[in-house]
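Visitor: sequence and predicted structure are below.
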Amino acid sequence: MQTLKEPQFRSSVLLVATSRLIEINVGADFAAGSSEAITALDSQDYDVVAVTLGVAKKIDFQAALGRLKKRNLSAQIIIITEPQDKIVDWMPKLNGMKISSITLSNAPQQLEDQVSRCLEKAQQEQQNEQLEDLIKEQTEQLRNLYQELDERVQKRQKFLEESRAKTIAAHLRWQALREAMIAIHQSQSIRDMEVGLAEALATPLEISLVRVLFKPQDGNFANQNKTYRTFAAYQAPLFREQQNFGSIFFLRDKDRAFTKDENEFLLRVSEAVSLALDRLGHLQQSENLREQWQATFNAISDPVLLINSNYEVLQANTSGEKRSKQNSFVQPKCYQMLFERDTTCPNCHLGKKFRIESKSEILDVSSQKIDDLYFNLYHDISSKIRMERKILETVRMAELGTIGSSIAHELNNPLGGILSFVQLIKMDLKPDSPYLPDINEMEEGVKRCRDIIQNLLGFTRNPEVDEVAEIDLKDVISRAIKIVELQTRSQNIEIKALTPNAKAHFKGHFNMLAQAIKNLLQLAIDALVDKNRAGRGSSSVIEISLESSQNQWIIKILDNGPGAGRRNSLQFSISTQIIHEHEGLVEISAQPRQMTMAKISLPQQGF
């Protein structure tokens, strides 16, 4: 057994005892006390430490033993006890030391056996640790190899996918180039080329729009797109005989910039476009001339037909097509197309000027012969003729108004004298005279005649001297009714007036409004007279009402006569003009039970 003073003989076993009497055949270092033991434990990684219970109790020794355990996990601890030691009492304090075995100091052979077993156990644990470390090392190497292999497989897979993607992209681009070439050479115009290229390049390059622009528009478009960043754009130049004459723009979503490969591909497309534009140049010029002629032809507001000697329509402008009433014929004749006739129009003279009249329209036709064809221009003069007729009717009405005014003035004076004499006779009669009722009736009749004359004078008064004033619409309606009262009584037509009790204040021309309402009443009277003459009814009633609705005065004239043709009459035109001048609206509409209503809407505040 070696002492610690001979370090060259230090072994893997440390025996800590107070006496060297404990002798074992296994080579071991000996420490006489706790101080030497602590020094030995801090300087040597022992596999087995046999220590007496007294030393093992010391805290500083336990700390040194803990440091040994951290350096050598397989270190084994043997506790040497004396027969009188009560080891059971100290076991709780020694459990933290992870004791391998306990032996008595007076049993050297047992200690030697335990030291040998502990050495074997420590060596076995060390071998296990080494084996475990080796396994870990091999496992880590395998893991690294597997990871490296997996990375290589992934790189290979990525390379294959990229190669496959490049192959697919190349195929798509070749197909797109083929379709682009077809679209370019089949185009009949620049617009067709733009649309065809956009469709051909939509899938492989996600192109949404293609624009072909000539100088200087291409520069303006490029600057505008850079300013507003509306699209991601690639601008490819267009050349003709080594001269740049414009650009072709390929546009797509602004978040997808064009790559170098895409730019090279689109540059090849632009070269084909440059070659195709020369072919389209002459075609575009011809098309422009044709479009200009067609635009001029269609700009004529009147129908224009190009026909042959058989009256077959070869071409028609837009107005003529809109007027066309026959779409079932492959090559219709002019009288079939415009007038739904089975034979030629009356007074038709090809190559000359003539007029066509029907119930609804009048047309002046100018026919010009060009080689074997005829160029016919149809001018509708219906409005002109109607206006002339309205002017004549207006003149006639004005003359009637002048005559009526003269008659009214001539009758007014005799009526005043008759009324005075009747009232004098009435004053001379006694209240119980049998002639008094007849005199009263005569007085009322004369007054009614006087009122009619006054209304007629007011109606025939010049509208220009009719000043704007605050009026009562009830009085206007009453004036209009009194003007037509004699006519309605003679025709057995009843007029019912429904007006509110309160005044209907309005600011406007009294006589003009009375004339407008009178005209609408006259239309209703004429319709009822026509109905009675045709024997289509016996009762003839006209209802005129005045009501307030949503800041408007509403005047309704309702009758049970036919309403056809009223809108085309002179009376309706005059009434419409008067009401429009008062910022109002006139409507004529059919009502249930074969009734017709004329509705006047006027703003309550006047105009």
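Guide: Structure's in. What do you need?

Visitor: CA atoms for contacts and neighbours, from now on please.
Guide: Noted.

Visitor: confirm that residue 355 sits in a strand.
Guide: Yes - assessed by DSSP: H, G, I helix; E, B strand; the rest coil, residue 355 belongs to a strand.

Visitor: my read is that it contacts residue 347, right?
Guide: Yes - using Cα atoms under 8 Å, residue 355 is in contact with residue 347, at 6.8 Å.

Visitor: so between these two, which is more surrounded?
Guide: Between residue 355 and residue 347, residue 355 has the larger neighbour count (other Cα atoms under 10 Å), namely 18 against 11.

Visitor: hey, what's that one bridged with?
Guide: Here residue 355 sits in beta bridges with residue 364, going by DSSP bridges.

Visitor: residues in contact with it?
Guide: Neighbouring residues of residue 355 by Cα atoms under 8 Å, 6 or more residues apart in numbering: 347-348, 362-365.

Visitor: from residue 453, how far out is residue 414?
Guide: Remark: distance between residue 414 and residue 453 (Cα to Cα, to the nearest Å) = 12 Å.

Visitor: show me which positions of the helix or strand residue 293 falls within end up buried.
Guide: In this assignment (DSSP states H and E), residue 293 forms part of helix 260-299. For helix 260-299, a neighbour-count test (16 or more other Cα atoms under 10 Å) marks 266-267, 269-270, 272-274, 276-277, 280, 284, 297-298 as buried.

Visitor: in the strand or helix carrying residue 203, what counts as buried?
Guide: Assessed by DSSP H and E, residue 203 sits inside helix 202-205. Within helix 202-205, the residues scored as buried using 16+ other Cα under 10 Å are 204-205.

Visitor: I'd like the next helix or strand past it.
Guide: Following helix 202-205 toward the C-terminus (DSSP H and E): strand 209-214.

Visitor: which positions in the following helix or strand past that next one come out as buried?
Guide: Following strand 209-214 in sequence order, the next helix or strand is helix 217-228 (DSSP H and E). Neighbour-count burial for helix 217-228 flags residue 218 (criterion: 16+ other Cα under 10 Å).

Visitor: could you number the chain from 349 rather than 1 from now on?
Guide: From this message on, residue numbering opens at 349, which makes the last subject helix 565-576.

Visitor: now helix 565-576: average pLDDT?
Guide: Helix 565-576 carries an average pLDDT of 85.

Visitor: now do the SS call for the residue nearest to residue 581 when sequence neighbours are not counted.
Guide: If the residues on either side of it in the chain are set aside, residue 581 comes closest to residue 599, at 4.6 Å by Cα to Cα, 6 or more residues apart in numbering. Three-state call for residue 599 (three-state DSSP): strand.

Visitor: ok, residue 447 next?
Guide: Assigned with three-state DSSP, residue 447 falls in the coil class.

Visitor: repeat for residue 378
Guide: Residue 378 ends up strand, using three-state DSSP.

Visitor: that one - how many residues pack around it?
Guide: Residue 378 has 25 neighbours, counted by other Cα under 10 Å.

Visitor: so it touches residue 364, yeah?
Guide: Yes - assessed by Cα under 8 Å, residue 378 is found in contact with residue 364 at 5.9 Å.

Visitor: do I have it right that residue 876 meets residue 888?
Guide: Yes - taking Cα under 8 Å as the definition, residue 876 is a contact partner of residue 888 at 6.3 Å.

Visitor: next up, identify which helix or strand the closest residue to residue 412 other than its chain neighbours is on.
Guide: Among residues not flanking residue 412 along the chain, residue 386 sits closest, at 5.7 Å (Cα to Cα, 6+ apart). Taking DSSP H and E as the definition, one finds residue 386 inside helix 382-391.

Visitor: ok, then the element right after that helix?
Guide: Heading C-terminal from helix 382-391, the first helix or strand you meet, by DSSP H and E, is strand 396-400.

Visitor: ok, that following strand: who's next to it in the sheet?
Guide: When DSSP bridges is applied, strand 396-400 pairs with strand 361-364 (parallel), strand 424-429 (parallel).

Visitor: among the contacts of residue 703, find me the one that's closest to residue 952.
Guide: residue 710 (42.5 Å; Cα to Cα).

Visitor: tell me, how many residues neighbour that closest one?
Guide: 19.

Visitor: which residue is nearest the middle of this structure?
Guide: residue 578 (18.8 Å; Cα atoms, centre = their mean).

Visitor: what does that residue show for phi and psi?
Guide: phi -70, psi -40 (degrees, to the nearest 10).

Visitor: next one: the nearest residue to residue 403 once chain neighbours are set aside from residue 934, what distance?
Guide: Counting by Cα to Cα, 6+ apart, the nearest residue to residue 403 once its immediate chain neighbours are dropped is residue 382, at 5.8 Å. The gap separating residue 382 from residue 934 is 129 Å, by Cα to Cα.

Visitor: what is the mean pLDDT for the helix or strand encompassing residue 541?
Guide: Using DSSP H and E, the element containing residue 541 is helix 538-548. Helix 538-548 shows a mean pLDDT of 87.

Visitor: show me what counts as buried in it.
Guide: 538, 541-548.

Visitor: next: stretch 690-706.
Guide: Buried-residue list, stretch 690-706, by 16+ other Cα under 10 Å: 698-699, 702-703.

Visitor: turn the residues you listed into TSV, columns for distance to residue 392 and pLDDT.
Guide: Converted to TSV, the buried residues of stretch 690-706 look like this (distance: Cα to Cα, whole Å; pLDDT from 0 to 100):
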residue	distance to residue 392	pLDDT
698	136	86
699	136	84
702	138	85
703	137	85
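
Visitor: and of these, the nearest to residue 687?
Guide: When these are compared against residue 687 (criterion: Cα to Cα), the nearest one is residue 703, at 13.5 Å.

Visitor: and the closest one, how far is that from residue 693?
Guide: Applying Cα to Cα to residue 703 and residue 693 gives a distance of 10 Å.

Visitor: again, but for residue 842
Guide: For residue 842, the distance to residue 693 (Cα to Cα) stands at 47 Å.

Visitor: cool, and residue 460?
Guide: 146 Å.

Visitor: so what's the residue nearest to residue 412 up against?
Guide: Counting by Cα under 8 Å, 6+ apart, residue 386 has contacts 408-409, 412-413.

Visitor: and what of residue 773?
Guide: Here residue 773 is in contact with residue 787 (Cα under 8 Å, 6+ apart).

Visitor: still on that earlier bit, in TSV, list the contacts of residue 386 along with secondary structure.
Guide: Formatted as TSV, the contacts of residue 386 follow (three-state DSSP):
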residue	secondary structure
408	helix
409	helix
412	helix
413	helix
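
Visitor: mark which of these are buried, thanks.
Guide: 409, 412-413.

Visitor: how about the buried residues of helix 608-647 in JSON lines, adding pLDDT?
Guide: Below are those laid out as JSON lines (pLDDT from 0 to 100):
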{"residue": "614", "pLDDT": "87"}
{"residue": "615", "pLDDT": "88"}
{"residue": "617", "pLDDT": "87"}
{"residue": "618", "pLDDT": "86"}
{"residue": "620", "pLDDT": "85"}
{"residue": "621", "pLDDT": "86"}
{"residue": "622", "pLDDT": "84"}
{"residue": "624", "pLDDT": "82"}
{"residue": "625", "pLDDT": "82"}
{"residue": "628", "pLDDT": "73"}
{"residue": "632", "pLDDT": "69"}
{"residue": "645", "pLDDT": "74"}
{"residue": "646", "pLDDT": "78"}
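
Visitor: and those residues, which is closest to residue 603?
Guide: Nearest to residue 603 among these, with distances taken as Cα to Cα, is residue 614, at 18.5 Å.

Visitor: could you measure the closest one against residue 517, distance?
Guide: In terms of Cα to Cα, residue 614 sits 14 Å off from residue 517.

Visitor: do the same with residue 647
Guide: 51 Å.

Visitor: for residue 474, same thing?
Guide: For residue 474, the distance to residue 517 - Cα to Cα - is 62 Å.

Visitor: tell me which of the strands paired with strand 396-400 sits most buried.
Guide: strand 361-364 (a mean of 27; mean count of other Cα atoms under 10 Å).
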